[in-house]
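In: Compute the structure for the input listed below.
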Amino acid sequence: MSDRWYEKAVIYCLDLDTYADSNGDGVGDIRGLIGRLDYLARLGVTCLWLNPIHPTPNRDDGYDVADFYNVDPRLGNLGDFAELLHQAGNRGIKVIIDLVVNHTSDQHPWFQSARSSPESAYHDWYVWSESQPSDRHQGMVFPGEQNETWSYDRTAKKWFYHRFYKFQPDLNINNPQVREEIKKICAFWLQLGVAGFRMDAVPFIIEETQPGNPNPPKDLDFLTDLRAHVQWRKADAVLLAEANVEPDQLKHFFGDDGGSANRIHMLFDFMLNGRLMLALARRHPEVIIDALQDTPKLPSGAQWATFLRNHDEVDLSRLTVEQRDEVFEQFGPDESMQLYGRGIRRRLAPMLGGERRRIELAYALQFSLRGTPVIRYGEEIGMGDDLTQEGRNAIRTPMQWSSLPNGGFSTSDTLVRPVVSDPEYGYEKINVTLQRHDPQSLLSWFERMIRTLRETPEVGSGTCANVDVPVPSGVLVHRADAETGTMVFIHNLGESEGVVDLSSLEPEAEFPNDVLADQQYPDLGKLDALPIGGYGYRWIRLKRHP
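Out: The predicted model follows:
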């Protein structure tokens, strides 16, 4: 890989506590993950993104951090983590971890000291107000689960700010000591060997919170400072950020007004994700074409991260109310499937009715679009969800490894979370072992698709544009161009077969050939009559440069 290794990476996101249990206590751990690295290497993963690994009271799935410089004892210790980095590196797999520095747990020693006295060295590390702020009931991230963003602390006799839950007080980014501590945390984990960080809630990290002001200014220059610090400590380290903001604001998270990519390396593409879901619901690619045309030009070195499902709900907040209702109707019609009024708490396989052709199509489309693909653990085998679990936990169930009890995740009688056991998506029917022995399984398909992606570097680092040719309804044609060559992609979001005429591209073609397709198609010929099946896809190499 190049120095910009993230441009050609395949990122695999997992929760350690639900992935693999090595000691039989019912909780997944670092040693369990180490034992599954060969599986991930075979799948084609080149980067692991680990959800929070730090000590925590675990009231928010680890996002309520109580110690930024250690590993949760349930998961292992720093020695185990160092071994994970070593073993992953031996297999060519980099590891990034969640950087959750918008807030801490209210059990963190910093907050306990801060609330004890205004003279505490940590008091100004948090955001306080002497009187009840007028914006107390505004800006909740989890509507329905949160009632306020300012809460009164009886010990401190002040109001404290928490953009998220009450037990997660926000750190005060206006305090230079807090900024230095964040950089120190990054330096510590980079020294251990992580390849970078997925930064949680970045727009809130840089908020200069002011009591009574629900829309405080943001200090984007802190991202410039943090990026410089991280790169000085480790030149190829990457910052992957969650910033679900207005489209015209996105460019400011990549870099400053000078045009340099000197802030965040990669941003999750929430705008594209919402439109992908809408396109899949409509079985028509028009909104994807709009997304490709609306994509702002990124400075060199900046990159999108694409995804269909992640560890949270499908966030449809960037769609209109009418568009959101369309997606709800198709993929989350029951209120039990919805969350916060804006999203769907289901995995992709059940959203698509378990229909294999549509699952393949959806991931072939995601992996062929501009940016670095991110996949959630279990998606490669078509795992389902457990809607009896609260909130986001519906899609945070244990990995299904085999038909053994608990899906081979653990030998314990008590699990951190129940394994899916329903007739359609339960571990006895959907698991790695069964699919490993089936060359036609979804897992085998993912392996082939990711290997093919490795042979098409144009996708990660090249341009991406819609090909404006007459196509049947439901068909998207786009291309990727780079110094290495040109790829053309045909994806049919509809269920009817069609024929595509790409003869206008024939002058560019040099021995064109299918490199990935949903079925065996006839030879390409003159590109003037290319058949495409219902929910079909064809990745075509048009030309390769030496």
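
In: Ala305 bridge partners, please.
Out: On the basis of DSSP bridges, Ala305 is bridged to Phe268, Thr372.

In: ok, now how distant is it from Trp232?
Out: Here Ala305 is placed at a distance of 24 Å from Trp232 (Cβ to Cβ, to the nearest Å). For the C-beta atoms, the positions are set from N, CA and C on the backbone; glycine is no exception.

In: How about Asn393?
Out: Separation of Asn393 from Trp232 (Cβ to Cβ): 39 Å.

In: who's more crowded, those two?
Out: Per other Cβ atoms under 10 Å, whichever of Asn393 and Trp232 has more neighbours is Asn393, with 17 against 11.

In: surely that one meets Arg417?
Out: Yes: applying Cβ atoms under 8 Å as the test, Asn393 and Arg417 come out as touching, 6.4 Å apart.

In: got any residues that touch both of those two?
Out: Shared contacts of Asn393 and Arg417, defined by Cβ atoms under 8 Å, 6 or more residues apart in numbering, are found at Asp386.

In: which regions of this structure lie under the pLDDT threshold?
Out: Residues of the chain meeting the criterion pLDDT under 70: 1-3.

In: longest single helix anywhere in it?
Out: Longest helix in the chain, counting residues (DSSP state H): helix 176-192.

In: Against Gly353, how distant is the residue nearest to the spatial centre of the chain?
Out: The chain has Asn310 as the residue nearest its centroid, 4.7 Å off, counting by Cα atoms, centre = their mean. Note on Asn310: its distance to Gly353, by Cβ to Cβ, is 21 Å.

In: burial of the residue nearest to Asn431 when sequence neighbours are not counted, as a residue count?
Out: Distances taken as Cβ to Cβ, 6 or more residues apart in numbering put Gln400 closest to Asn431, at 4.4 Å, once the chain neighbours are dropped. Residue neighbour count, defined by other Cβ under 10 Å, stands at 29 for Gln400.

In: and if you look at Leu250?
Out: 21.

In: Now do the contacts for it.
Out: So Leu250 contacts Ala243, Leu267, Pro296 (Cβ under 8 Å, 6+ apart).

In: which parts of stretch 65-75 are buried?
Out: Neighbour counts over stretch 65-75 (16 or more other Cβ atoms under 10 Å) mark Val65, Ala66, Asp67, Phe68, Val71, Asp72, Arg74, Leu75 as buried.

In: hang on, isn't the second one packed against Pro52?
Out: It refers to Ala66. No: if you go by Cβ under 8 Å, Ala66 and Pro52 don't touch, sitting 10.7 Å apart.

In: before we move on, what SS does Tyr152 have?
Out: Secondary structure state of Tyr152, per DSSP: H, G, I helix; E, B strand; the rest coil, is strand.

In: how close does it sit to Glu130?
Out: Distance from Tyr152 to Glu130, counting by Cβ to Cβ: 11 Å.

In: what residues go with each domain of the protein?
Out: Following automatic domain parsing, one gets these domains for the chain: 5-104+175-452, 109-161, 462-544.

In: so which of these is the most packed in?
Out: domain 5-104+175-452 (a mean of 19; mean count of other Cβ atoms under 10 Å).

In: isn't Leu223 right up against Ala261?
Out: No: at 11.3 Å, Leu223 does not count as touching Ala261 under the criterion of Cβ under 8 Å.
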